[in-house]
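J.: sequence first, predicted model second:
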Amino acid sequence: MDHLDKLENNSIYIIREAYNQFQKVAALWSIGKDSTTLLHLIRKAFLGEVPFPVVHIDTGYKFKEIYDFRDEYTKKWNLKLIVHRNEEAIRCGMGPHKSKLECCTQLKTNALKDAINKYGFRALYLGIRRDEHGIRAKERVFSPRDEDFEWDYKNQPPELWDQYKSKAKEEEHLRVHPLLGWTEVDIWRYIKKEEIPVVSLYFAKNGKRFRSIGCEPCVDPIDSDADTLDKMIRELEETDISERSGRSQDKESDYMMQKLRALGYM
Amino acid sequence: MNDKNPLNFVLVGHIDHGKSTLIGRLFYDTNSLPPDKIAELKKASEERMDGEMEFAFIMDHLREEREQGITIDTAHTFFHTDKREYVIIDAPGHIEFVKNMLTGASQAEAALLIVDAEEGVGEQTKRHANLVSMLGLEQIIVVINKMDIVNYEETHFNILKDKVHEFLNSINLDPDYYIPISALKGDNVAKHSEKMKWYKGMTVLESLDSLENDVSLENKGLIFPIQDVYKISGKRIAVGRIESGVLRTGMKVKILPGTGETSVKSIEKFNESTDEAVAGESIGIITNDPVFLERGNVLCVEEKELTIDDKISSSLIWLSKEAFNKDEKIGFRLATQETKANITEIRERVDSSSLEVLEEKASSINNLEIGEVEIKTKKPLAFTKFVDVKEMGRFVLVRGNDVVAGGIIL
């Protein structure tokens, strides 16, 4: 069994474990490469079906390509899609021009809180990876959030031998992270192997491509000629620039990510 | 790049013996740090110190960790040498965070134990080594750090090495290497030290490159614990991960615990058709007879692969501040089997650092103590000794929603 096979099999185990424990679950789909890979693994775990809702937290600031991709594959993969927006904040003109921390909190974190309360999800699958950011390197596979959505990173439950924290208390929800042990280049190699479709923004056009996608005003493209998966994988094997360097929320302050995550950010 | 699988190793040792600094040094010397990371580190270090690069910042990301200069939680980072990729699991050395250390170490294939040349073996050095031994890790590298503080003296190294060796041997650990290093100055980490010409052995990187990945359990007998049963398009599909051996279509299998038998009609994977699946694979199966399978059943070919019993002898480590009391009924989970259990006898209560027996015939086990215990489960379970198939010889105890102990079957 090679490395990608191992990663795939372990992720499927985790996905099935969480579904067995919680049933009332949903997958967060940002339409990016990681959560799209996660959806592919979920389809594999349930032999082609996705037996629970897929939630897109929409800020209204996403790229057009993202919305198009979402609608196309929602149909193709027969997904029960829930699009959730913090309409009130959007109506009041919330945007990155105000404050990035505030905007992420209102349009992503609070929108997610709302969605969880509205639908009563007990656990959420997220496509985060440990190599993305130092704070994420500290995450558990099953990671509890309390009723205020806070991540008690100083007191995380032990996780031994694929035995994860069981049923959450009523007031909690759990974040389930099946891709935690994957790296960025693992994801791309797997996307190539499995022919998983991804948003076109990742491929270079006119010398630029996005390495990480999200809200249009808050991500910058990188200089790149990688217009195929092979070129992209080669580029990643050689680069020494970190993945999220194009993301403004990470640049603003060392601890912004910690603050965001402690508050319940994805 | 190479085709080898990445190797997971855990870095353990007493607080302040230099774990996070060694990781920083490994990254720095292998050019594994992106420029923006170096810039971030420099900036963060300048804000906090006198401009000196603080390698520990690479792993210590939480604000509290940087301010207090200690690692609180385990973290995983990635780097590679010309030979292969590595996942470093940094485990906290502070006593408060032993459960985090154990979480990290339980995912490792090898351990790197760091000992301060000046301070020698500390309380957590012992505790971590004991847990590494309990977890069954066999590949061990010992580094004696801060050699710069003891003037890179050979005799100092040899005396400490002998002491450490004697201790490790006493807990059945037999390290592959002892390496004198200075993580801060870089001696014998990626480059052979100019200051310790007397040391002819490997550098830390060379020793890592010589380690082996865990071997697959394909050659053992089949053990396939059922994780769940799905009804998909009218078919009942039992899913799970094969823990050892090979499963083939047509195979006759026994359903444990119990006397049930069936045979495998097909192996189910999405968009894939196969007649064979091996240890480590997450699969589904359809059986030839309409037998009732459920989570917790364990399929095997030869019954002798597993012991079926409701009595289990074990060694466990208690990981909760709320002590265990003997009359408490507690959750018991082994692979996908789950039941309630009583601890009928606590033969010994042992200090996990000194391994001193604190009490025989005890009635409680406190935080971070090791219990040598007899367990009685509510229903019979299928298991092996830990030394036979690790995956089927280890369990956790659960109180409420939380894992409060990890144990191995003797």
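T.: Perfect, I can see it now.
J.: alpha carbons only for contacts and neighbour counts from here, please
T.: Noted.
J.: and the residue of the stretch 151-300 of chain B found nearest chain A, what does it touch?
T.: Of all residues in the stretch 151-300 of chain B, residue B:270 sits closest to chain A, at 4.6 Å by CA to the nearest CA. Residues near residue B:270 by CA atoms under 8 Å, 6 or more residues apart in numbering or on different chains: A:43, A:44, A:45, A:46, A:47, A:48.
J.: show me the two of the residues you listed that sit farthest apart.
T.: Distance extremes for the contacts of residue B:270: the farthest pair is A:45 and A:48 at 7.7 Å, using CA to CA.
J.: between the two, which one's more packed in?
T.: For residue A:45 versus residue A:48, the count of surrounding residues by other CA atoms under 10 Å in any protein chain shown is larger for residue A:45: 26 against 17.
J.: so for the more buried one, what's the nearest residue that isn't a sequence neighbour?
T.: Leaving out its chain neighbours, the residue that sits closest to residue A:45 by CA to CA, 6 or more residues apart in numbering or on different chains is residue A:12, at 5.2 Å.
J.: surely that neighbour and residue A:47 touch.
T.: No. Counting by CA atoms under 8 Å, residue A:12 does not reach residue A:47; the two are 10.7 Å apart.
J.: who's in contact with the lengthiest helix in chain A?
T.: If you go by DSSP state H, chain A has its longest helix at helix A:3-22. Applying CA under 8 Å, 6+ apart, the contact partners of helix A:3-22 are A:25, A:41-42, A:44-45, A:122-123, A:125, A:166-167, A:176, A:178-179, A:181-182, A:186, A:190, B:4-6, B:227-228, B:240-241, B:280-282.
J.: buried residues in it, which are they?
T.: A:4, A:7-19, A:21-22 (16 or more other CA atoms under 10 Å in any protein chain shown).
J.: just those now: which is nearest residue B:320?
T.: residue A:21 (22.6 Å).
J.: make sure residue A:38 is indeed in a helix.
T.: Yes. Assessed by DSSP: H, G, I helix; E, B strand; the rest coil, residue A:38 belongs to a helix.
J.: the helices in the chain, which residues?
T.: Unless you meant another one, I'm taking chain A. According to DSSP H, the helices that chain A contains are A:3-22, A:33-45, A:64-76, A:87-91, A:100-104, A:111-119, A:184-194, A:229-238, A:248-251, A:256-262.
J.: meant chain B actually
T.: Using DSSP H, helices in chain B cover B:19-29, B:35-48, B:63-68, B:98-105, B:123-134, B:154-170, B:204-209.
J.: pick out the shakiest of those helices, pLDDT-wise.
T.: For the helices of chain B, mean pLDDT drops lowest on helix B:63-68, to a mean of 54.
J.: domain map for the chain?
T.: All of this refers to chain A. The record assigns chain A these domain ranges, following automatic domain parsing: A:3-183+A:253-262, A:198-251.
J.: can you look at chain B instead?
T.: Looking at automatic domain parsing, the domains of chain B come to B:7-209, B:223-304, B:306-409.
J.: so where's the chain shaky on pLDDT?
T.: Went with chain A since none was named. Along chain A, the model assigns pLDDT under 70 to residues A:134-135, A:137, A:147-155, A:166-171, A:240-266.
J.: right idea, wrong chain: chain B
T.: B:1-3, B:34, B:36-37, B:40-41, B:44-54, B:56-76, B:92-97.
J.: need the residue closest to the centroid of it.
T.: Closest to where the C-alpha atoms of chain B average out (CA atoms, centre = their mean) is residue B:106, at 1.8 Å.
J.: wait, that one sits on residue A:160?
T.: Yes. Here residue B:106 lies in contact with residue A:160, judged by CA under 8 Å, at a distance of 6.0 Å.
J.: need the residues of the stretch 201-350 of chain B near chain A, please.
T.: B:227-228, B:230, B:240-241, B:268-271, B:280-282, B:333, B:335 (CA under 8 Å from any CA of the partner chain).
J.: ok, which pair from the residues you listed is furthest apart?
T.: Farthest pair in those, by CA to CA: B:271 and B:333, 32.3 Å.
J.: compare the two (neighbour count), which wins?
T.: Using other CA under 10 Å, the more surrounded residue of residue B:271 and residue B:333 is residue B:333, with 21 against 8.
J.: specify the beta-bridge partners of the more buried one.
T.: residue B:338, residue B:396 (DSSP bridges).
J.: write out the residues of the stretch 1-150 of chain A neighbouring chain B.
T.: Checking the stretch 1-150 of chain A against chain B by CA under 8 Å from any CA, the hits are A:2-3, A:6, A:9-10, A:12-13, A:16-17, A:20, A:43-48, A:130-131, A:134-135, A:137-139.
J.: check the burial of the closest residue in space to residue B:164 that isn't next to it in sequence by counting its neighbours.
T.: Spatial nearest neighbour of residue B:164, chain neighbours left out: residue B:121 (7.0 Å); criterion: CA to CA, 6+ apart. The criterion is other CA under 10 Å. On that basis, residue B:121 has 20 neighbouring residues.
J.: thought residue B:121 was touching residue B:115?
T.: Yes. Using CA under 8 Å, residue B:121 is in contact with residue B:115, at 6.2 Å.
J.: can you count the residues close to residue B:259?
T.: Residue B:259 - counted by other CA under 10 Å - has 8 other residues nearby.
J.: same check on the one 4 residues further on?
T.: Neighbour count for residue B:263, taken as other CA under 10 Å: 19.
J.: wait, what's in contact with it?
T.: B:249, B:250, B:251, B:252, B:253, B:287, B:288, B:289.
J.: in strands, which of the residues you listed appear?
T.: Among those, DSSP state E puts B:252, B:253, B:287 in strands.
J.: what residues are up against the nearest residue to residue B:190 once chain neighbours are set aside?
T.: Closest residue in space to residue B:190, ignoring its immediate chain neighbours: residue B:205 at 5.5 Å, by CA to CA, 6+ apart. Neighbour list for residue B:205: B:26, B:81, B:189, B:190 [criterion: CA under 8 Å, 6+ apart].
J.: okay, now the first one: neighbour count?
T.: Using other CA under 10 Å, the number of residues around residue B:26 comes to 23.
J.: which residues does stretch A:78-93 contact?
T.: Under CA under 8 Å, 6+ apart, the answer for stretch A:78-93 is A:49-50, A:52-60, A:73-74, A:106-108, A:110-112, A:115.
J.: which one in chain B is furthest away from the centre?
T.: Chain B, CA atoms, centre = their mean, max distance from centroid: residue B:234 (40.4 Å).
J.: circling back to that earlier point, inside strands: which ones of the contacts of stretch A:78-93?
T.: Per DSSP E, the subset of the contacts of stretch A:78-93 in strands is A:54, A:55, A:56, A:57.
J.: still on that earlier bit, need the helices of chain B in JSON lines (columns: distance to residue B:141).
T.: Shown next, in JSON lines, are those (distance: least, CA to CA, whole Å):
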{"stretch": "helix B:19-29", "distance to residue B:141": "13"}
{"stretch": "helix B:35-48", "distance to residue B:141": "28"}
{"stretch": "helix B:63-68", "distance to residue B:141": "26"}
{"stretch": "helix B:98-105", "distance to residue B:141": "14"}
{"stretch": "helix B:123-134", "distance to residue B:141": "11"}
{"stretch": "helix B:154-170", "distance to residue B:141": "11"}
{"stretch": "helix B:204-209", "distance to residue B:141": "8"}
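J.: deepest of those helices, which one?
T.: Compared across the helices of chain B, helix B:98-105 shows the largest average neighbour count, a mean of 26 (mean count of other CA atoms under 10 Å in any protein chain shown).
J.: residue nearest the middle of chain A, spatially speaking?
T.: Nearest to chain A centroid, counting by CA atoms, centre = their mean: residue A:127, 3.8 Å.
J.: that residue contacts residue A:179, doesn't it?
T.: Yes. Using CA under 8 Å, residue A:127 is in contact with residue A:179, at 5.7 Å.
J.: overlap in contacts, these two.
T.: Common neighbours of residue A:127 and residue A:179 (CA under 8 Å, 6+ apart) are residue A:38.
J.: filter the residues of the stretch 201-350 of chain B next to chain A down to the ones in strands?
T.: B:227, B:228, B:230, B:240, B:241, B:268, B:269, B:282, B:333.
J.: residue B:167: which of these is nearest?
T.: Nearest member of those to residue B:167, counting by CA to CA, is residue B:333, at 32.6 Å.
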